[in-house]
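Colleague: mind folding the following:
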Amino acid sequence: MACVADVIAVLEELYPSRRAEPWDQVGLVCGDPARDVRRIVVAVDPVQAVVDEAIALGADMVITHHPLFLKGTSSVAATTPKGRVVHDLIRNDIALFAAHTNADSPPNGVSESIAQALGLRQIRPLDPDDDSPLDKMVTFVPIESAESVREALTEAGAGHIGNYDSASFSTPGTGRFRPLRGASPAIGAVGEVAEVDEVRIEAVVPRSRRHDVVEAMRHAHPYEEPAFDLVELIGLPSADVGSGRIGELFAPMTLTDFASVVNRVLPATAHGVRVAGKPDQMVQRVALCGGAGDSFLELARMSGADVYITSDLRHHVASELREHDSMALIDVAHWAAESMWLPVLQVRLTQALGTTVGIAISTINTDPWTFRV
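Modeller: Numbering: from 1, shown residues only. This next block holds a predicted model:
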């Protein structure tokens with residue numbers, strides 16, 4: 001039997017919270033981590049209709065893409081819509097968890113789910129993240145202490161490259177220094193210049209382990225004031241993590257035909273599918289971003305995309321791009337695009353948690369626009 005904490009552990013592995021934007025509010029909103037979970041409802045929005053559906057289904061947990069409280073609040077009184085949501089969740093012992101921008105960039109995230117649903121191939125990030133950002137640690141150690149310092153660096157997380165650990169490079173040299181009054185030198189005497197046969201040790205360090213590696217080096221180093229360099233390395237673009245996605249259609253088609261594919265794949269909304277471009281222009285390379293992605297318009301254009309799909313495009317932004325460029329634009333409902341992630345999330349959770357936990361996709365259309373005149 002899984003509990004809320006087990007589900008959170010799976011979500012953290014799939015969509016690490018460290019990938020959330022600094023302004024975002026992701027994670028457990030309410031609920032007891034020790035609570036048993038037999039049924040989960042996944043949805044885009046944490047609105048009252050979704051909570052009512054979860055209660056009717058006897059759910060123990062709701063996972064949504066959008067956070068309930070994206071901005072700070074001083075009250076969860078039931079006199080407000082969000083407050084009523086909190087009260088109903090707690091009253092019915094239902095946990096609420098949000099995976100927002102941290103679910104946008106990883107594999108099988110929101111944007112990738114849209115690309116897969118549209119049948120794109122050669123899918124890759126539109127704006128790749130740095131692939132595991134690294135630093136390089138360089139320190140200078142007396143020859144007789146070099147091995148113990150290398151071991152300390154390895155244990156702290158340095159020198160891991162792919163399927164190898166204990167990776168480092170050493171070069172011999174001569175260290176020169178003069179201890180001043182108040183120093184307690186391990187080698188040499190106060191006021192006298194000392195020269196020592198040393199080894200320069202270099203090793204890569206995951207940026208997240210920077211502090212631990214420096215502390216381990218200081219602890220293992222025989223010198224009172226060890227000399228060291230810590231250099232940030234330029235990261236290589238990740239092949240599968242980043243904002244948005246770009247891919248290719250199996251065969252070119254007209255913009256009109258491709259817009260019809262988009263309309264067929266995404267759930268129907270009052271918003272519909274809006275298109276800016278020539279109906280008969282050909283489309284093969286497709287860029288997209290789940291949610292409001294107008295900040296990636298220039299990247300999409302520079303990528304050579306024939307069309308860019310996103311939501312919530314503003315008039316002036318779209319107008320300016322269309323005035324100076326031939327890339328077509330397709331604007332779709334925010335909820336409709338992001339709902340493409342829910343079946344993927346359902347599969348990933350089922351694979352991780354097994355059949356003892358039922359995963360239901362919300363049937364509620366939470367797009368705020370209800371009809372078009």
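
Colleague: switch to C-alpha atoms for all contacts and neighbour counts from now on
Modeller: OK.

Colleague: for residue 158, which non-adjacent residue is closest in space?
Modeller: Excluding the flanking residues, the one nearest residue 158 by Cα to Cα, 6 or more residues apart in numbering is residue 205, at 4.5 Å.

Colleague: in this protein, which strand is the longest?
Modeller: strand 194-206 (DSSP state E).

Colleague: so which bits of it are buried?
Modeller: Buried residues in strand 194-206, counted by 16 or more other Cα atoms under 10 Å: 198, 199, 200, 201, 202, 203, 204, 205, 206.

Colleague: out of those, what pair is the most spread apart?
Modeller: 198 and 206 (25.3 Å; Cα to Cα).

Colleague: find the residue ranges of the protein scoring beneath the pLDDT cut-off.
Modeller: Across the chain, nothing is flagged by pLDDT under 70.

Colleague: please enumerate the helices of it.
Modeller: For the chain, applying DSSP state H gives helices covering 4-14, 48-57, 81-91, 110-117, 146-156, 210-220, 255-265, 297-302, 315-324, 334-338, 341-353.

Colleague: quick one: residues contacting residue 169.
Modeller: Going by Cα atoms under 8 Å, 6 or more residues apart in numbering, residue 169 touches 200, 201, 202, 203.

Colleague: how close does the first one sit to residue 225?
Modeller: Taken as Cα to Cα, to the nearest Å, the spacing of residue 200 relative to residue 225 amounts to 15 Å.

Colleague: can you check the third one too?
Modeller: Distance, residue 202 to residue 225, by Cα to Cα: 18 Å.

Colleague: next one: residue 50
Modeller: 60 Å.

Colleague: residue 83 and residue 69 touch, don't they?
Modeller: No. Residue 83 is beyond contact range of residue 69, at 10.1 Å (criterion: Cα atoms under 8 Å).

Colleague: what pairs with the longest strand of the chain, and is each one parallel or antiparallel?
Modeller: Neighbouring strands of strand 194-206 in its sheet, by DSSP bridges, are strand 134-142 (antiparallel), strand 169-177 (antiparallel).

Colleague: distance between the first one and the chain's centre?
Modeller: When distances are taken as Cα atoms, centre = their mean, to the nearest Å, strand 134-142 is centred 30 Å away from the chain's centroid.

Colleague: and if you look at the last one?
Modeller: When C-alpha coordinates are averaged (Cα atoms, centre = their mean), strand 169-177 and its chain have centres 41 Å apart.

Colleague: could you count how many residues lie near residue 356?
Modeller: 12 (other Cα atoms under 10 Å).

Colleague: ok, residue 188 next?
Modeller: Residue 188: 15 neighbours (other Cα under 10 Å).

Colleague: same question for the one 3 residues further on.
Modeller: When neighbours are counted by other Cα under 10 Å, residue 191 registers 12.

Colleague: same check on residue 310?
Modeller: The number of residues near residue 310, taken as other Cα under 10 Å, comes to 24.

Colleague: same check on residue 313?
Modeller: Close neighbours of residue 313, defined as other Cα under 10 Å, add up to 21.

Colleague: so how far is residue 272 from it?
Modeller: Taking Cα to Cα as the measure, residue 313 falls 13 Å from residue 272.

Colleague: residue 254 now?
Modeller: 19 Å.

Colleague: before we move on, what about residue 336?
Modeller: Residue 336 sits 9 Å away from residue 272, taking Cα to Cα as the criterion.

Colleague: looking only at neighbour counts, state which of the two leads.
Modeller: residue 336 (24 against 16).

Colleague: my read: that one touches residue 264, true?
Modeller: No. Counting by Cα under 8 Å, residue 336 stays clear of residue 264, with 11.4 Å between them.

Colleague: re earlier: now the strands paired with strand 194-206 as CSV including distance to residue 234?
Modeller: Output for the strands paired with strand 194-206, formatted as CSV (distance: least, Cα to Cα, whole Å):
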stretch, distance to residue 234
strand 134-142, 8
strand 169-177, 19
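
Colleague: what's the most buried one of these?
Modeller: Comparing the strands paired with strand 194-206 by mean neighbour count (mean count of other Cα atoms under 10 Å), strand 134-142 comes out on top with a mean of 22.

Colleague: could you check the angle helix 146-156 makes with that strand?
Modeller: Angle between the axes of strand 134-142 and helix 146-156 is 150 degrees (criterion: axes from the mean of the first three to the mean of the last three Cα atoms, to 10 degrees).

Colleague: could you tell me the angle between strand 134-142 and helix 210-220?
Modeller: Interaxial angle, strand 134-142 versus helix 210-220 (the same axes, to 10 degrees): 10 degrees.

Colleague: pull the residues that contact strand 134-142.
Modeller: Around strand 134-142, the neighbours that count as contacts under Cα under 8 Å, 6+ apart are 149, 175, 196-207, 210, 221-222, 226-235.

Colleague: hmm, residue 149 is touching residue 223, no?
Modeller: No. At 11.4 Å, residue 149 and residue 223 do not qualify as touching, with contact defined as Cα under 8 Å.

Colleague: these two: who's more crowded?
Modeller: Taking neighbours as other Cα under 10 Å, residue 149 and residue 223 compare with residue 149 leading, 23 against 16.

Colleague: now the more buried one: closest residue in space that isn't a chain neighbour?
Modeller: Of all residues not flanking residue 149 in the chain, residue 220 sits nearest, at 5.4 Å (Cα to Cα, 6+ apart).

Colleague: how near is the spatially closest residue to residue 178 that is not a sequence neighbour to residue 335?
Modeller: Of all residues not flanking residue 178 in the chain, residue 193 sits nearest, at 4.3 Å (Cα to Cα, 6+ apart). With distances taken as Cα to Cα, residue 193 is found 70 Å from residue 335.

Colleague: between those two, which is the more surrounded one?
Modeller: With neighbours defined as other Cα under 10 Å, residue 193 and residue 335 compare such that residue 335 has more, 23 against 12.
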